[in-house]
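1. dropping the sequence and predicted coords here.
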Amino acid sequence: GENVEQHPSTLSVQEGDSAVIKCTYSDSASNYFPWYKQELGKRPQLIIDIRSNVGEKKDQRIAVTLNKTAKHFSLHITETQPEDSAVYFCAARNQGGKLIFGQGTELSVKP
Amino acid sequence: ETGVTQSPTHLIKTRGQQVTLRCSSQSGHNTVSWYQQALGQGPQFIFQYYREEENGRGNFPPRFSGLQFPNYSSELNVNALELDDSALYLCASSLASSSGYTFGSGTRLTVV
């Protein structure tokens, strides 16, 4: 069945370092890959997304890469700040519009 | 403000009861999806509605049902509540022609 694997489950970095979170999806028909940041007790908020016809997208300190052949996509955060600490979810959307989420990565940025 | 509103924000129900959760979509969005997020896990897709018709369903039993109204607002109904139904229930709206989803703040359901 459709599945999205995300790792690591927890990630601790020093302020200023980079953080990388990786996801693998199973449905080759997936065409849209958003990343969400969720702070404790709050809604998931879209931070960046990428479509299947693009290999890389960048927005300030955040970038996402997509390898369709390998069915991998990754989130890169540079110059991390304590306010980046949260749980991050990747997701893959199939052609029917169903979003399948990864299990989440708890990012901790230490000052 | 995101434009997607959910009510109520918190709810406590007894096992076996029924519950209705509500969602108002962002203006102009004609597609709504519902997700269940258990503590410490990623959101799990329940179902999706497009122009008042269900057009996708996840691995949830029939006691989870929904409606979408002409103004694109939506309801999630859960019958015969079980303890494992305790979770954060999120709705997300989008334009069918667009990929972006906007999530509401969720309803925290506790079944005791």
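-> Looks like it came in fine. Residues are numbered from 1 along each chain as shown, chains lettered A, B, ... in the order given.
2. listing request: residues of the chain with sub-threshold pLDDT.
-> Let's take chain A. Low-confidence segments of chain A (pLDDT under 70): A:1.
3. looking at chain B here, not the other one
-> B:1-2, B:96-99.
4. quick one: the strands in it?
-> Secondary structure of chain B (DSSP state E): strands located at B:5-7, B:10-13, B:19-24, B:31-37, B:44-50, B:53-57, B:64-68, B:74-78, B:87-94, B:102-103, B:107-111.
5. could you give the number of residues near the closest residue to A:Ser52 other than its chain neighbours?
-> In space, and not counting its chain neighbours, A:Ser52 is closest to A:Asn31: 4.3 Å by CB to CB, 6 or more residues apart in numbering or on different chains. In short, each C-beta sits where N, CA and C put it, glycine included. By other CB atoms under 10 Å in any protein chain shown, the residues close to A:Asn31 number 15.
6. mind checking how far A:Asp84 is from A:Ala19?
-> For A:Asp84, the distance to A:Ala19 (CB to CB, to the nearest Å) stands at 7 Å.
7. same thing with A:Arg43?
-> On the measure of CB to CB, A:Arg43 and A:Ala19 end up 22 Å apart.
8. can you lay out the strands of chain B as CSV showing mean neighbour count and distance to chain A?
-> Putting the strands of chain B into CSV (neighbours: other CB atoms under 10 Å in any protein chain shown; distance: least, CB to the nearest CB, whole Å) gives the following:
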stretch, mean neighbour count, distance to chain A
strand B:5-7, 17, 9
strand B:10-13, 13, 11
strand B:19-24, 19, 12
strand B:31-37, 25, 7
strand B:44-50, 21, 5
strand B:53-57, 14, 5
strand B:64-68, 18, 13
strand B:74-78, 21, 14
strand B:87-94, 25, 7
strand B:102-103, 20, 5
strand B:107-111, 18, 9
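9. so which of those strands is nearest A:Lys71?
-> strand B:44-50 (18.9 Å; CB to CB).
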